[in-house]
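> sequence and predicted model, in that order:
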Amino acid sequence: MAAYRGHRTNPDKFEKSQIKIYLLILPMVLLCGLPIVFIIFHAFKPMEELFAFPPKFITTHPTLDNFRKLAKASRSAGIPISKYVFNSLFITAVVVFCSLLFSTMAAYALSKLRFKGRNVMMQINQIALMFVSVAVMIPRYLIVNKLGMIDTYLAEILPLIALPVGLFLVKQFVDQVPDSLIEAAYMDGAKEWQIYLKVIIPLIKPAIATAAILVFQQVWTNLETSNYYINDDSLKSLAFYMNTLTSTSTTNTVAGQGVAAAASLIMFLPNLILFCILQKNVMNTMAHSGIK
């Protein structure tokens, strides 16, 4: 290991040979980072800078007026923005937890347990990857309506729990867990739940982190459930409210562009923060190095 660390391709300290790598990576970093910088600073721009030409990436006179106008617009609608924030946080937390729980349990069963119909179930999940939400919009509505979940939090939660790509991703990692570990756990008297919690889960944490980001992004920015299943405005999500706010005639005016910029930043920041927290595990997932 020491010899590997000392190798010139992966030195412990800066070396001149790394300059060419920085020169290659830096333009790509700037290309990917500039949109993020623009979104952040755009939300704090005063009116004269919002329409400056050429546009500025970094504002010279930051202000919170855009966020004050956003809060004022929410109060004038009769429902405070804090209610929409609570709805989105509650719905997202429940969906992420349930989706990861069911995905990891199903991945363990489909990968390591032997039962009739296992291959058929996996093929059904793979077929589900090809369907976009619009294709199943009418069947989903009929089911939600038949179950009497219209205007309830369940209508915002249940349709989003199943994430085929999350199950597919987690299963690939469970497949890499050596069967010898499972057999050793059986010999020690471990039950299925103990194997799942103490053997499988610790070894697939990178895949779980990546799946959590995918589920979070799907739920946090989801408009479909609030649009089709919810009539009560107090139960709608923050994403739906922000989309409604930025599409109204008020924000389509010159004065409303600052409100739209603030709304875009609020919706973007949680995704960025979550990715920054879990990025190490995401990189491990991409490199397929979760099993050691």
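That came through fine. This one's a predicted model, so the numbers in the text were calculated from it and none came from an experiment.

> next, count neighbours for Glu224.
17 (other Cβ atoms under 10 Å). No exception for glycine: its C-beta is placed from N, CA and C like everyone else's.

> so what's it up against?
Shown in contact with Glu224 (Cβ atoms under 8 Å, 6 or more residues apart in numbering): 133, 137, 159.

> who wins for neighbours among the residues you listed?
Of the contacts of Glu224, with other Cβ under 10 Å as the count, Pro159 tops at 22 neighbours.

> so that residue makes contact with Asn227?
No: in this structure Pro159 lies outside contact range of Asn227 using Cβ atoms under 8 Å: 11.9 Å.

> confidence score at Asn87?
Looking at Asn87, its pLDDT stands at 92.

> can you find the helix or strand of the protein with the lowest average pLDDT?
Ranking every helix and strand in the chain by mean pLDDT, DSSP states H and E puts helix 2-5 at the bottom, with a mean of 46.

> domain ranges for the chain?
Domain ranges of the chain: 17-63, 79-286, per automatic domain parsing.

> which of those sits most buried?
Stretch with highest mean neighbour count among the domains of the chain: domain 79-286 (a mean of 17; mean count of other Cβ atoms under 10 Å).

> now do it: distance to the chain's middle.
7 Å (Cα atoms, centre = their mean, to the nearest Å).

> swap in stretch 36-46?
Worked out by Cα atoms, centre = their mean, stretch 36-46 lies 22 Å from the chain centre.

> for that stretch, output the C-alpha coordinates as PDB.
The C-alpha coordinates for stretch 36-46 follow below in PDB (Å, rounded to 0.1, in the frame of the first residue of the first chain):
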ATOM      1  CA  ILE A  36     -24.400  26.600 -10.100                       C
ATOM      2  CA  VAL A  37     -22.600  29.900  -9.400                       C
ATOM      3  CA  PHE A  38     -25.100  31.700 -11.600                       C
ATOM      4  CA  ILE A  39     -28.200  30.100  -9.900                       C
ATOM      5  CA  ILE A  40     -26.900  31.100  -6.500                       C
ATOM      6  CA  PHE A  41     -25.900  34.700  -7.200                       C
ATOM      7  CA  HIS A  42     -28.900  35.300  -9.500                       C
ATOM      8  CA  ALA A  43     -31.300  34.900  -6.600                       C
ATOM      9  CA  PHE A  44     -29.600  37.700  -4.700                       C
ATOM     10  CA  LYS A  45     -29.400  40.200  -7.600                       C
ATOM     11  CA  PRO A  46     -31.300  43.500  -7.300                       C
END
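
> who touches it?
Counting by Cβ under 8 Å, 6+ apart, residues outside stretch 36-46 touching it are 50, 56-59, 61-67, 258, 261-262, 264-265, 268, 272.

> from those residues, which land in strands?
Taking DSSP state E, every one of the contacts of stretch 36-46 sits outside strands.

> so which residues of the stretch 51-200 of the chain form strands?
Counting by DSSP state E, counting those that start in this stretch, the stretch 51-200 of the chain has no strands to list.

> for this structure, which helix is longest?
For the chain, the longest helix by residue count, based on DSSP state H, is helix 81-112.

> helices or strands up against that one?
helix 65-76, helix 118-128, helix 153-161, helix 164-175, helix 205-220, helix 238-247 (3 or more Cβ pairs under 8 Å, 6 or more residues apart in numbering; DSSP states H and E).

> how near is the closest residue to Asp179 other than its chain neighbours to Lys72?
Closest residue to Asp179 in three dimensions, ignoring its sequence neighbours and counting by Cβ to Cβ, 6 or more residues apart in numbering: Lys112, at 7.3 Å. Distance from Lys112 to Lys72, counting by Cβ to Cβ, to the nearest Å: 55 Å.

> can I get the helices and strands packed on helix 81-112 in a markdown table with mean pLDDT and distance to Val95?
Shown next, in a markdown table, are the helices and strands packed on helix 81-112 (pLDDT from 0 to 100; distance: least, Cβ to Cβ, whole Å):
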| stretch | mean pLDDT | distance to Val95 |
| --- | --- | --- |
| helix 65-76 | 79 | 24 |
| helix 118-128 | 86 | 17 |
| helix 153-161 | 90 | 5 |
| helix 164-175 | 88 | 11 |
| helix 205-220 | 89 | 5 |
| helix 238-247 | 79 | 13 |
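
> I appreciate the help and will end here.
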